[in-house]
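>>> quick one, fold the following:
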Amino acid sequence: MDNLERQLILELQAGPRKSSARLAKDLGVTEYSIRKKINHLASSGRLIFTALPDLKRFGYTTGSFFGIKVNKPSSLNTIAEQLCLSPQLHFVARCEGFTDFFVRGNFKSNDDLANFISGFLGNLEGISHVDTMVELKLIKRNFKVLDTCTSNVAASPDTDIEIDNVDRELILELQKDCRVSLKELAQIFNMGKTTMHRRIKNLISSRIIELTAIPNMVSLGYVEEFFMGIDTELNGLERVAAAIAKYPQVGTVGIYSGQTQLVVSVLAASSNDLITLVNEEISQIPGIKRVDWLISVNVLKRAFSWLQS
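A predicted model of the protein is given here:
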């Protein structure tokens with residue numbers, strides 16, 4: 001990754017719908033160079049332009065991680081394929097550590113979650129054990145790893161904003177590519193460009209969606225994603241979570257019920273950087289009782305179109 005690519009990604013993370021002309025002016029290069037860079041980053045999968053919806057506004061009240069153990073190695077490939085096909089799961093990773101697969105999904109109720117566990121996971125041959133970690137509170141969710149921001153969990157959204165069918169369909173289009181032009185959106189919805197601009201602006205200002213550019217960190221020189229399951233003293237749970245969330249290498253921090261109290265994802269440029277972060281920084285936070293490592297050997301599915309049509 002050269003310096004222009006890095007600066008361009010930072011600019012796009014801050015404003016993914018910035019025009020190529022504006023980006024060219026801000027970065028001091030030609031518009032042609034910007035268009036070429038953006039097309040290369042997007043077509044190669046190194047950068048995803050998408051809209052992240054506030055899922056609770058659409059009825060997805062329950063998020064959960066699952067740690068899945070299998071009976072025998074010969075079942076791994078078959079189970080991996082079936083997990084990736086599930087529309088409820090947007091993250092599937094083959095791991096080394098306290099589980100064979102680490103997956104995440106969103107559900108509209110505890111009943112939906114229970115039906116998924118018993119009806120889907122329960123019917124997959126070869127699974128020996130499932131640890132369910134239900135999200136109680138999200139402390140941090142940050143996909144802008146190149147940036148120095150420490151947290152991007154927004155305040156509670158304005159619940160007075162009404163979402164109609166056009167808004168919902170618009171969000172689905174923005175999930176595919178949040179840089180889609182107003183002209184294209186106007187043609188799709190048979191509305192004026194001003195109307196489309198106003199709808200997008202309202203969805204963002206009311207925190208119903210967050211438009212972002214998400215880099216493929218492995219292709220940009222980072223090692224694969226690591227997870228930690230952390231147990232703490234109960235009276236220090238939120239304090240420890242907030243302290244961990246301050247590190248820019250930390251992507252997500254959440255409080256969960258189940259096998260572990262905190263689930264933390266980390267990206268680092270090398271294994272040594274990761275070890276240094278954990279041993280010299282995170283492990284020194286008062287109140288931590290135990291840290292379980294989970295190394296993501298291979299991310300099999302990472303989908304950001306969380307809202308389904």
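
>>> where along the protein do the helices fall?
Along the chain, the stretches classed as helices by DSSP state H are 3-14, 20-27, 31-43, 76-85, 110-115, 165-176, 182-189, 193-205, 237-245, 271-276.

>>> and for Ser205, the neighbour number?
By the other CB atoms under 10 Å criterion, the neighbourhood of Ser205 contains 11 residues. C-beta coordinates here come from the backbone N, C-alpha and C atoms, glycine included.

>>> ignore the last one, Asp112
Residue crowding around Asp112 was assessed by other CB under 10 Å; the count is 18.

>>> residue ranges with poor pLDDT in the stretch 151-300 of the chain?
The model of the stretch 151-300 of the chain has pLDDT under 70 over residues 151-160, 218-224, 297.

>>> same thing but 50
Low-confidence regions of the stretch 151-300 of the chain, defined here as pLDDT under 50, cover residues 151, 154-155.

>>> thinking again about what came up before, let's have the helices of the chain in JSON lines, adding distance to Phe101.
JSON lines is the format used below for these (distance: least, CB to CB, whole Å):
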{"stretch": "helix 3-14", "distance to Phe101": "30"}
{"stretch": "helix 20-27", "distance to Phe101": "39"}
{"stretch": "helix 31-43", "distance to Phe101": "29"}
{"stretch": "helix 76-85", "distance to Phe101": "6"}
{"stretch": "helix 110-115", "distance to Phe101": "17"}
{"stretch": "helix 165-176", "distance to Phe101": "25"}
{"stretch": "helix 182-189", "distance to Phe101": "37"}
{"stretch": "helix 193-205", "distance to Phe101": "34"}
{"stretch": "helix 237-245", "distance to Phe101": "24"}
{"stretch": "helix 271-276", "distance to Phe101": "21"}
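
>>> can you tell me which of those helices is nearest to Pro215?
Smallest distance to Pro215 across these (CB to CB): 5.6 Å, for helix 3-14.

>>> residues of the closest one that come out buried?
Glu5, Gln7, Leu8, Ile9, Leu10, Glu11, Leu12, Gln13 (16 or more other CB atoms under 10 Å).

>>> what does stretch 270-278 give?
When neighbours are counted by 16+ other CB under 10 Å, the buried residues of stretch 270-278 are found to be Leu274, Leu277, Val278.

>>> next up, the contacts around the nearest residue to the second one once chain neighbours are set aside.
Spelled out, that is Leu277. Taking CB to CB, 6 or more residues apart in numbering, and ignoring the residues beside it in sequence, Leu277 has Gln249 as its nearest neighbour in space, at 5.9 Å. Going by CB atoms under 8 Å, 6 or more residues apart in numbering, Gln249 touches Val145, Val266, Leu267, Ala268, Asp273, Leu274, Leu277.

>>> what pLDDT is listed against the first one?
When you say that, I think you mean Val145. pLDDT for Val145: 56.

>>> before we move on, back to that, redo the buried residues of helix 3-14 as JSON lines? Include pLDDT and distance to Leu121.
Supplementary listing: the buried residues of helix 3-14 in JSON lines, determined by pLDDT from 0 to 100; distance: CB to CB, whole Å:
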{"residue": "Glu5", "pLDDT": "86", "distance to Leu121": "40"}
{"residue": "Gln7", "pLDDT": "90", "distance to Leu121": "44"}
{"residue": "Leu8", "pLDDT": "92", "distance to Leu121": "41"}
{"residue": "Ile9", "pLDDT": "89", "distance to Leu121": "37"}
{"residue": "Leu10", "pLDDT": "88", "distance to Leu121": "39"}
{"residue": "Glu11", "pLDDT": "91", "distance to Leu121": "42"}
{"residue": "Leu12", "pLDDT": "92", "distance to Leu121": "37"}
{"residue": "Gln13", "pLDDT": "87", "distance to Leu121": "35"}
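
>>> make a markdown table from those and add distance to Leu76 to it.
As requested, the buried residues of helix 3-14 are exported to a markdown table (distance: CB to CB, whole Å):
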| residue | distance to Leu76 |
| --- | --- |
| Glu5 | 36 |
| Gln7 | 41 |
| Leu8 | 38 |
| Ile9 | 34 |
| Leu10 | 38 |
| Glu11 | 41 |
| Leu12 | 37 |
| Gln13 | 35 |
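
>>> which of these sits closest to Asp177?
Out of the buried residues of helix 3-14, the member with the shortest distance to Asp177 (by CB to CB) is Leu12, at 12.3 Å.

>>> how close does that closest one get to Val266?
Here the criterion is CB to CB, to the nearest Å. By it, Leu12 lies 23 Å from Val266.

>>> how close does the closest residue to Leu185 other than its chain neighbours get to Arg17?
For Leu185, ignoring the flanking residues on the chain, the nearest one in space by CB to CB, 6+ apart is Met196 at 4.4 Å. Here the distance between Met196 and Arg17 works out to 12 Å (CB to CB).
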